[in-house]
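Asker: Predicted coordinates and the sequence they were generated for:
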Amino acid sequence: MASSIHLKAHQISLLLLLSLLVLAASDELEATASPAGRRPEAADAAAAFFVFGDSTVDPGNNNYIKTIPENRADYEPYGQDGSSGRPTGRFSNGRVIVDFIAEYANLPAIPPFMQPSADYSRGVNFASGGGGVLPETNQGQAIDLPTQLKNFDEVRGKLIETLGEARAREVVSEAVYFISIGSNDYMGGYLGSPAMRQLHPSDVFIGMVVGNLTNVIQELYQRGGRKFGFLSLGPLGCLPALRAANPNSNAGDGGCFEDASALAQGHNTAINGILLSLQHIFKGFKYANSNFYEWLADRTSNPSNYGFKDGVNACCGSGPYGGVFTCGGKQEAEYKLCENPEDHVWWDSFHPTEKIHKQFAKALWDGPVSVVGPYNLRDLFFDKDKATIADLVDGTVEQDFMY
């Protein structure tokens with residue numbers, strides 16, 4: 001299954017590229033650039049930071065909405081190792097990747113959109129645990145990506161009110177837009193839905209997700225966004241929950257659910273092609289894309305190489321591999337909690353530990369081109385030049401990872 005999805009994903013990219021070429025030809029999209037020749041000084045504040053996504057980057061938006069227990073993380077032991085030592089709504093034992101990125105960019109903590117009286121001037125986080133690219137994914141239980149885009153429009157309007165139109169346009173055009181979403185579409189929206197699998201072959205479903213995600217990127221561009229960061233999908237089949245649910249596992253051998261991982265690979269391949277095309281079609285479009293799949297797979301397979309002891313079992317949960325999603329007493333069920341989360345790649349059945357978030361945030365910030373490119377996030381926040389041709393053809397670059 002993996003190879004067929006991988007090949008069809010290239011076909012998806014070509015179809016979407018044709019659509020984008022038509023759109024680019026019909027719309028006169030001009031860059032809203034900062035003043036000519038301006039270079040950031042040492043004392044300058046970093047660009048604003050707008051975050052869209054799911055539980056991988058949710059800072060607590062789901063604390064404010066009506067949803068199911070599985071889509072909340074505002075209770076112990078979540079957040080036990082964070083700066084406050086209390087649950088914040090982050091699906092981690094502490095901070096998540098965008099918290100570290102904001103820190104590296106010399107920004108204050110980026111507030112959840114749903115937080116009352118939040119200051120939007122330095123950025124906003126719209127992400128929602130359980131959210132998907134498609135509105136049908138966990139419908140009514142999370143804030144989907146199209147709704148997050150509408151929420152951005154609301155913020156943009158408030159920035160115009162408070163800062164004036166000229167300054168608001170500058171904030172929007174200089175900001176970095178970080179997107180981490182898609183896992184829920186494939187895990188719950190497709191693999192967890194027999195009806196959806198019957199309606200759509202896997203390659204068609206990948207095309208639906210990638211097409212809708214591409215539309216949102218284009219909409220953000222049209223609103224003035226120029227600099228984008230992406231957390232690609234990891235090896236979904238190696239999550240503790242999917243190891244435990246793997247129908248092809250032999251007597252609990254701990255094998256990854258390869259059908260799920262193949263969907264992630266197909267999605268990543270298609271997005272890689274789309275982003276490569278967008279930077280040629282849309283003036284001023286810059287991006288930092290990540291090779292999260294290989295990066296995380298290496299840590300689950302070789303945890304000791306990166307300061308971990310366990311790359312398979314969740315620190316918090318129950319059942320095989322900690323794959324039953326009961327961390328914190330979800331569904332009023334008992335759960336086990338490990339003594340030292342830093343020994344584990346996985347915090348709960350679906351989410352990595354703070355240590356993983358920190359390691360990958362650093363890789364996205366200024367890591368090698370085998371992990372992030374053609375720009376890294378530091379480049380985007382401080383307007384540096386992208387990786388050189390020599391960097392991109394260096395032998396350390398993964399062959400399957402194209403920018």
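Answerer: In hand now; what should we look at? Numbers count the residues shown, from 1 in each chain.
Asker: For the stretch 251-400 of the chain, give me the ranges with low pLDDT.
Answerer: Under the criterion pLDDT under 70, the flagged ranges of the stretch 251-400 of the chain are 251-254, 331, 384-400.
Asker: Give me the distance from stretch 132-141 to the chain's centre.
Answerer: The gap between where stretch 132-141 is centred and where its chain is centred comes out at 16 Å by CA atoms, centre = their mean, to the nearest Å.
Asker: ok, now stretch 78-93?
Answerer: In terms of CA atoms, centre = their mean, the gap separating the centre of stretch 78-93 from the centre of its chain is 19 Å.
Asker: As a check, name the ranges of all helices in the stretch 151-300 of the chain.
Answerer: Read by DSSP state H, counting those that start in this stretch, the stretch 151-300 of the chain holds these helices, from start to end of the chain: 165-174, 183-186, 194-199, 202-222, 240-245, 258-281, 292-301.
Asker: Give me whichever of these is most buried.
Answerer: helix 183-186 (a mean of 28; mean count of other CB atoms under 10 Å). C-beta coordinates here come from the backbone N, C-alpha and C atoms, glycine included.
Asker: Now tell me what touches that helix from outside.
Answerer: Identification of contacts with helix 183-186 by CB atoms under 8 Å, 6 or more residues apart in numbering yields 54, 56, 130-134, 137-138, 142, 205, 209, 233-234, 236, 260, 263-264, 267.
Asker: Then stretch 69-80?
Answerer: Applying CB under 8 Å, 6+ apart, the set of residues contacting stretch 69-80 from outside is 55, 58, 60, 62-63, 85-94, 128-130, 138, 141-142, 316, 325, 327-331, 337, 341.
Asker: Please enumerate the strands of the stretch 251-400 of the chain.
Answerer: Listed in chain order, the strands found in the stretch 251-400 of the chain under DSSP state E, counting those that start in this stretch are 286-290, 310-314, 316-317, 336-337, 344-346, 372-374.
Asker: export those strands to a markdown table and tack on distance to Gly188 and mean neighbour count?
Answerer: Conversion of the strands of the stretch 251-400 of the chain to a markdown table gives the following (distance: least, CB to CB, whole Å; neighbours: other CB atoms under 10 Å):
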| stretch | distance to Gly188 | mean neighbour count |
| --- | --- | --- |
| strand 286-290 | 23 | 24 |
| strand 310-314 | 18 | 22 |
| strand 316-317 | 17 | 28 |
| strand 336-337 | 24 | 16 |
| strand 344-346 | 18 | 27 |
| strand 372-374 | 28 | 25 |
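Asker: Now tabulate those in CSV and tack on distance to Leu159.
Answerer: CSV is the format used below for the strands of the stretch 251-400 of the chain (distance: least, CB to CB, whole Å):
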stretch, distance to Leu159
strand 286-290, 21
strand 310-314, 40
strand 316-317, 38
strand 336-337, 42
strand 344-346, 38
strand 372-374, 28
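Asker: Of all those strands, which one comes closest to Glu161?
Answerer: Shortest separation from Glu161 across those is recorded for strand 286-290, at 28.3 Å, computed as CB to CB.
Asker: Please enumerate residues in contact with the closest one?
Answerer: Counting by CB under 8 Å, 6+ apart, residues outside strand 286-290 touching it are 226-232, 271-272, 275, 278-279, 360, 363-364, 371-377, 379-380, 386, 403.
Asker: 6 Å instead, please
Answerer: With CB atoms under 6 Å, 6 or more residues apart in numbering as the test, strand 286-290 has contacts from 227-232, 275, 364, 372, 375-377, 380.
Asker: If you tally nearby residues, what's the number for the spatially closest residue to Leu213 that is not a sequence neighbour?
Answerer: Counting by CB to CB, 6 or more residues apart in numbering, the nearest residue to Leu213 once its immediate chain neighbours are dropped is Val133, at 4.9 Å. Under the neighbour criterion other CB atoms under 10 Å, Val133 is assigned a count of 30.
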